[in-house]
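Participant: Provided below are the primary sequence and the corresponding predicted coordinates.
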Amino acid sequence: MKKILCIILFFGLAWGLCQNNTFKIAKLKYGGGGDWYCNRTSLPNLIKFINQNSVIKVHEKEDIVEVGSPALFQYAWVHLTGHGNVFFTDAEAQNLRNYLISGGFLHIDDNYGLDKYIRREMKKVFPEHDFVELPFDFGIYKKPFSFPKGLPKVHEHDGKPPQGFGIFHDGRLVCFYSYECDLGNGWEDQEIYNDPEPVRQQALKMGTNIVYWAITQ
């Protein structure tokens, strides 16, 4: 029965990954009171940048999907962000786990204040795995844009260097966590934060690498 379930989940995800030769991505809606909805212009801008500057093509519409929804399996890549509390029920954690081990990919972007909550909740999803910091020579920093020093720094918070953490399952990176970086803010419309354009470009390029890695690895 477990094997049959895995096959069903795999083909459900595969169907959602490619429609009209494009891949679908979404923002993840979670409970707990955190502002999952922040950075409203970030994913539309990232999608536009990816489609104009890489060989992969992403469906032009950003969707929103709930952690516990069966619709999660329609997306090649899901993005979670926010500043505050994150909470997964047991059923939601299991659904997210099934999605990730079936070929899905989760990008978590700490918009400041997310760290202690997301680490707690991801332990529900993968109690057997911990976040590990990725070395600068890891593939996610190499294609299609080169980041020999790892994640770019978009906004300062606690004066810490940006760090990229991952969760691996059966040798595959299933979750990438950008910390002390604020990538999503860098994807926002320029007038929102008035970040220098070179900073925004670096953020968009790194975001492209994350999506590219998730789709091509």
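Facilitator: Perfect, I can see it now. Numbers count the residues shown, from 1 in each chain.
Participant: When you work out contacts or count neighbours from here on, use the C-alpha atoms and nothing else.
Facilitator: Noted.
Participant: Show me what the helix or strand where L100 lies is packed against.
Facilitator: Using DSSP states H and E, L100 maps to helix 90-101. Here helix 90-101 touches helix 2-17, helix 115-125, strand 172-179, going by 3 or more CA pairs under 8 Å, 6 or more residues apart in numbering; DSSP states H and E.
Participant: Convert the shortest one to PDB, retaining C-alpha atoms only.
Facilitator: Read that as strand 172-179. Provided in PDB are the C-alpha atoms of strand 172-179 (Å, rounded to 0.1, in the frame of the first residue of the first chain):
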ATOM      1  CA  ARG A 172      18.400  14.800  -2.500                       C
ATOM      2  CA  LEU A 173      18.100  18.400  -1.400                       C
ATOM      3  CA  VAL A 174      14.400  18.800  -0.800                       C
ATOM      4  CA  CYS A 175      14.400  22.100   1.100                       C
ATOM      5  CA  PHE A 176      16.600  25.200   0.900                       C
ATOM      6  CA  TYR A 177      16.500  27.800   3.700                       C
ATOM      7  CA  SER A 178      17.900  31.200   3.100                       C
ATOM      8  CA  TYR A 179      18.700  32.900   6.400                       C
END
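Participant: strand partners of it, parallel vs antiparallel please.
Facilitator: Sheet partners assigned to strand 172-179 using DSSP bridges are listed as strand 106-110 (parallel), strand 163-169 (antiparallel).
Participant: Mean confidence (pLDDT) on that strand, please.
Facilitator: Here strand 172-179 scores 98 as its mean pLDDT.
Participant: C-alpha coordinates for the next helix or strand after it, PDB please?
Facilitator: Counting by DSSP H and E, the next helix or strand C-terminal to strand 172-179 is helix 183-187. The C-alpha coordinates for helix 183-187 follow below in PDB (Å, rounded to 0.1, in the frame of the first residue of the first chain):
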ATOM      1  CA  LEU A 183      16.000  37.300  -0.800                       C
ATOM      2  CA  GLY A 184      12.300  37.900  -1.100                       C
ATOM      3  CA  ASN A 185      12.600  41.500  -0.200                       C
ATOM      4  CA  GLY A 186      15.200  41.800  -3.000                       C
ATOM      5  CA  TRP A 187      12.600  40.400  -5.500                       C
END
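Participant: which strands and helices sit next to helix 183-187?
Facilitator: Applying 3+ CA pairs under 8 Å, 6+ apart, one finds that helix 183-187 contacts helix 42-53, helix 197-216.
Participant: Any figure for the gap between the residue at minimal distance from the centre of the chain and E197?
Facilitator: Taking CA atoms, centre = their mean, the centroid of the chain lies closest to H107, which sits 1.5 Å from it. Using CA to CA, to the nearest Å, one obtains 23 Å as the distance from H107 to E197.
Participant: Show the contacting residues for A91.
Facilitator: G68 (CA atoms under 8 Å, 6 or more residues apart in numbering).
Participant: distance of it from P148?
Facilitator: Taking CA to CA, one finds A91 at 39 Å from P148.
Participant: just V211 next, same as before
Facilitator: V211 is 18 Å from P148, where distance means CA to CA.
Participant: Tell me which of the strands paired with strand 172-179 is the most buried.
Facilitator: strand 106-110 (a mean of 24; mean count of other CA atoms under 10 Å).
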